[in-house]
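> Give me a model of this one.
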Amino acid sequence: MKEMSFVMLKPDAVLRRLSGKVISRFEERGLKIAAAKMMIITRDLAEKHYAEHSQKPFFKDLVDYITSGPVLAMVIEGEECISLIRRMVGATNPKEADLGTIRGDYAIDTGRNIIHASDSAKSAEREIALFFNDSELCSYPLPDEELVYEEP
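Here you go, the predicted model:
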């Protein structure tokens, strides 16, 4: 089943110049970048994005961190991509993330774990809508896909 997931490279990934390496991993697994934009997140958007953590003690630090520098927000598309991307990303705590995962290979600590990925279809839908409008999503066939046009 084709899915779309929201993925965000956090400020530490962008500032450490890891964006290309991470994007390559997704593309090499056959996933498609349907949208991407470099941005500095506003506090308001950060608070909406992390609303589920608003009552947790680390919420302020999380919002401070994600608004501290540029992020690369993306929509990634592919067959059952939400669970695949989560496996590729690895555990939230990089010390627990397997080598070969994005966090296992590049992240330094839990507070600077370089990447966010939607954890469910419902989260993906909510997060994509926060960061992108429909006109920013690109539909295109990869060489191994059939071209299927959908009427708007």
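
> make it CA atoms for all contacts and neighbour counts henceforth
OK.

> low-scoring pLDDT stretches of the protein, where are they?
Residues of the chain meeting the criterion pLDDT under 70: 146-152.

> what ranges do the strands span in it?
With strands called from DSSP state E, the chain shows them at 2-9, 32-39, 71-79, 115-117.

> closest one to Gln55 among these?
When the strands of the chain are ranked by distance to Gln55, counting by CA to CA, first place goes to strand 115-117 at 19.5 Å.

> So in that sheet, which strands flank that closest one, and in what orientation?
The strands that strand 115-117 pairs with in its sheet are strand 2-9 (antiparallel) (by DSSP bridges).

> what's the angle from the partner strand to strand 32-39?
Angular relation of strand 2-9 and strand 32-39 on a 0 to 180 degree scale: 30 degrees, by axes from the mean of the first three to the mean of the last three CA atoms, to 10 degrees.

> now strand 2-9 and strand 71-79, what's the angle there?
Counting by the same axes, to 10 degrees, strand 2-9 lies at 160 degrees to strand 71-79.

> got the buried residues for strand 2-9?
When burial is assessed from 16 or more other CA atoms under 10 Å, strand 2-9 yields the following buried residues: 4-9.

> picking up where we left off before, which of the strands of the chain sits closest to Glu125?
Comparing the strands of the chain by their distance to Glu125 (CA to CA), the top pick is strand 2-9, with 7.6 Å.

> got the buried residues of strand 2-9 as CSV, with distance to Val75 columns?
CSV is the format used below for those (distance: CA to CA, whole Å):
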residue, distance to Val75
Met4, 6
Ser5, 6
Phe6, 5
Val7, 6
Met8, 9
Leu9, 11
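
> Would you mind listing the buried residues in stretch 110-127?
Within stretch 110-127, the residues that qualify as buried by neighbour count (16+ other CA under 10 Å) are 112-118, 121, 123-124, 127.

> Also stretch 89-103?
Of the residues in stretch 89-103, those buried (16+ other CA under 10 Å) are 89-94, 97-98, 101-103.

> so how far is it off the chain centroid?
Centre-to-centre, stretch 89-103 and its host chain are 15 Å apart (CA atoms, centre = their mean, to the nearest Å).
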